[in-house]
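Visitor: What would the 3D arrangement of this be:
(chains A and B)
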Protein chains: 2
Amino acid sequence: MTSSRISSISRRAVLSGLAALPVLPTPFPSATALAQAADALPSWNDGAAKQAIIAFVRATTDRASPGFVAPEARIATFDQDGTLWVEHPMYTQVVYCLERVPAVVAQKPELKGVEPFKTVLSGNREAIAKLPLKQLEEILAAALTGMTVDEFRTEVKQWMETARHPRWDRPFTELTYQPMQEALRYLRAHDYKTYIVTGGGQDFVRTYSQQVYGIPPEHVIGTAGGVHYGYAKDGTPILTKEPKLLLNDNNAGKPEGIHLMIGRRPYAAFGNSTGDREMLEYTQAGEGPRLAMLVLHDDERREYAYGPARGLPETRVGTFTQGLYDEARGKGWTVISMKDDWREVFATSVGRAIK
Amino acid sequence: MTSSRISSISRRAVLSGLAALPVLPTPFPSATALAQAADALPSWNDGAAKQAIIAFVRATTDRASPGFVAPEARIATFDQDGTLWVEHPMYTQVVYCLERVPAVVAQKPELKGVEPFKTVLSGNREAIAKLPLKQLEEILAAALTGMTVDEFRTEVKQWMETARHPRWDRPFTELTYQPMQEALRYLRAHDYKTYIVTGGGQDFVRTYSQQVYGIPPEHVIGTAGGVHYGYAKDGTPILTKEPKLLLNDNNAGKPEGIHLMIGRRPYAAFGNSTGDREMLEYTQAGEGPRLAMLVLHDDERREYAYGPARGLPETRVGTFTQGLYDEARGKGWTVISMKDDWREVFATSVGRAIK
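Guide: Just a heads-up that it's a prediction; the model follows:
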């Protein structure tokens, strides 16, 4: 699990993330007017992106439409990091793994003086940022495997309750995008089953998906490691997380994982990077109306700006490349401009409003 | 996928199955009186098994019960072969693979004179029965991999429409157990999500699970091979079935697969062999009321009798061993006697009544 995960995260992402801490607090615009109750997508500005969603739902759920889709076949898939919540300056799961190191060392004191744990324990951000990829993988393996699935769930849940995003000083779980929360609910209200299809760890995201997105664990597909069925000393059956990769849920792994876990082709897919490219392509290749959308992070003031639309270097986190942008335009995938298409960025429904 | 699948099938099963063809037609008892509409389990005789199901559902769905389970957590898992439908004299999927050989050879004529395809094409049942395990694996690999997932779905669906069980000369899809169909519906009516957790091929069972059991493909967990995302000559994205085992969904693989695909522990589990033992054990080990049931095939007249309760040799198909029987009794798992607990054996709701 870990070797793939970390390679997908990209070393640059980790480094730039570490270098960016602490981040200066940013003034946030006051909320716009309350949305009309009649509008299911109040945080979306009127425009091509919002209209694409509404037109797709109409085309696939109106019985009179030639593109009508039976309710049981309505599947919509969403990438998580950068699509449903903030991925800057570092993937939440990587923050978790780094912050988990003291607990790992407490359980295995022999690691205290051993790299890379020694460096992470030092708190020296520059040194941590310089850790080679192989050592970062060791940290992820130590934080994500070796324990029972129940222990892991407890550890992640506890961490999520206290961990804070460095820029907004808010729980990560409050930094989901309000427009995407609305899209999830809007699709579910039309009998779409909404799935997360993430390059992040499947077990990690499943710990909070219901609470944060209203998505049950069985609708979370992610990078997945093996588990081993065995017994505790008292004979109780336990499932232990193993450092064995079953599914690398990035790039081609996304449609492959969708086939493994769902067995149907989605009608709608949302992403924000080249890691989502094949999922969108696979979705779009089905018959009838399909929806393929990419979130473009072009709003430095309210969130972040990275990627080609701003003429920035290719990316800091994730990889919304110029090539992907051009492909999206050529294939009729809808690019969502965070700056232009979103009236509000952050969800207030899962926590207090960010002002 | 295949090497594990065939080993779980057991060579004896294949051999005894082939030897048993053709089987003499068996007189079938006329249907009993129509069940009362008020009874959700009309094909179950009153007894410990039926009462166990009813008591479990009450205990977990009555809000006043200390064992109340939130609707979203209600998961019930069912083995398929021998639990939901007939597995005698041979697993349906093995019949499929053998009968698929002519089509495989038509596409790859170079296999015509090569073993084991040559022997299968000869139609010589005795010779087929003597094929070594390794060669049977080759047949399964040829029939189950190498094609796109769409092609495979089409092939299985077409075969299912014409294939017949040798004893009853009925489509396999009509040979599901009426009491288990009622249990599925009864649990779903109480907000349980019903999953198939089968040692059989996941893609195979998914082709008919909705039609036959009312279970959508995404609720089928089975032995699963890898798929490869690639492109047809015209650039269309395709998923190709690979001879690579991702999940051997037998024994410990069942709770491991349940964790991978659902991420929650079931509250109820149904099986009929040692391949289901760990699934039942894992289910039972959770807190609060749990239901663990094993179907005992002890009704030679209406279906088949095999296993320990009849003092027969350990088994012909599957392995409901004396050890499993004793374990079930010791742990409070409920053994369902097909002979005593089932008023009707076969489902009439999915086809014409078998008389």
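
Visitor: for chain A, what's the longest helix?
Guide: helix A:92-107 (DSSP state H).

Visitor: now it: mean pLDDT?
Guide: Averaging pLDDT along helix A:92-107 yields 95.

Visitor: what's it packed up against?
Guide: When contacts are defined as 3 or more C-beta pairs under 8 Å, 6 or more residues apart in numbering or on different chains; DSSP states H and E, helix A:92-107 sits against helix A:11-19, helix A:117-122, helix A:133-144, helix A:149-162, strand A:193-201. Backbone N, C-alpha and C define where each C-beta goes, glycine included.

Visitor: Deepest in the core, which of those is it.
Guide: strand A:193-201 (a mean of 26; mean count of other C-beta atoms under 10 Å in any protein chain shown).

Visitor: in the very next helix or strand once past that strand, what's buried?
Guide: Toward the C-terminus, strand A:193-201 is succeeded by helix A:202-206 as the next helix or strand (DSSP states H and E). Buried residues in helix A:202-206, defined by neighbour count with 16 or more other C-beta atoms under 10 Å in any protein chain shown: A:202-206.

Visitor: And these, which is closest to chain B?
Guide: Of all the buried residues of helix A:202-206, A:Arg206 has the smallest distance to chain B: 4.8 Å, by C-beta to the nearest C-beta.

Visitor: wait, isn't the closest one in contact with B:Leu260?
Guide: No. Contact criterion C-beta atoms under 8 Å: A:Arg206 and B:Leu260 do not qualify, at 10.9 Å.

Visitor: what does the stretch 1-150 of chain A put close to chain B?
Guide: A:72, A:149 (C-beta under 8 Å from any C-beta of the partner chain).

Visitor: Tell me where the model's unsure across the stretch 1-150 of chain A.
Guide: Judged by pLDDT under 70, the stretch 1-150 of chain A has its weakly predicted residues at A:1-38.

Visitor: and A:Met293, what element?
Guide: A:Met293 belongs to strand A:291-296, assigned by DSSP H and E.

Visitor: which one is the residue nearest in space to the middle of chain A nearest to, not counting chain neighbours?
Guide: Centroid check for chain A by C-alpha atoms, centre = their mean gives A:Gln80 as the closest residue, at 2.0 Å. Among residues not flanking A:Gln80 along the chain, A:Thr198 sits closest, at 4.1 Å (C-beta to C-beta, 6 or more residues apart in numbering or on different chains).

Visitor: A:Asp81 is in contact with the one you found, correct?
Guide: Yes. Between A:Thr198 and A:Asp81 there is a contact under C-beta under 8 Å: 6.7 Å.

Visitor: give the contact list for the residue nearest to the centre of chain A.
Guide: Shown in contact with A:Gln80 (C-beta atoms under 8 Å, 6 or more residues apart in numbering or on different chains): A:196, A:198, A:200, A:205.

Visitor: For it, grab phi and psi.
Guide: phi -100, psi -70 (degrees, to the nearest 10).

Visitor: now do the one 5 residues further on
Guide: With angles defined as degrees, to the nearest 10, A:Trp85 sits at phi -150, psi 170.

Visitor: count of neighbours near it?
Guide: 22 (other C-beta atoms under 10 Å in any protein chain shown).

Visitor: Provide the partner residues of it in its beta bridges.
Guide: With beta bridges defined as DSSP bridges, A:Trp85 has these partners: A:Asp81, A:Thr176.

Visitor: ok, it touching A:Thr176?
Guide: Yes. A:Trp85 is within contact range of A:Thr176, at 4.3 Å (criterion: C-beta under 8 Å).

Visitor: who touches both of the two?
Guide: With C-beta under 8 Å, 6+ apart as the test, A:Trp85 and A:Thr176 both reach A:Val212.

Visitor: And the helices in the stretch 201-350 of chain A?
Guide: Ranges of helices in the stretch 201-350 of chain A, per DSSP state H, counting those that start in this stretch, are A:202-206, A:209-213, A:253-261, A:277-284, A:322-331, A:338-341.
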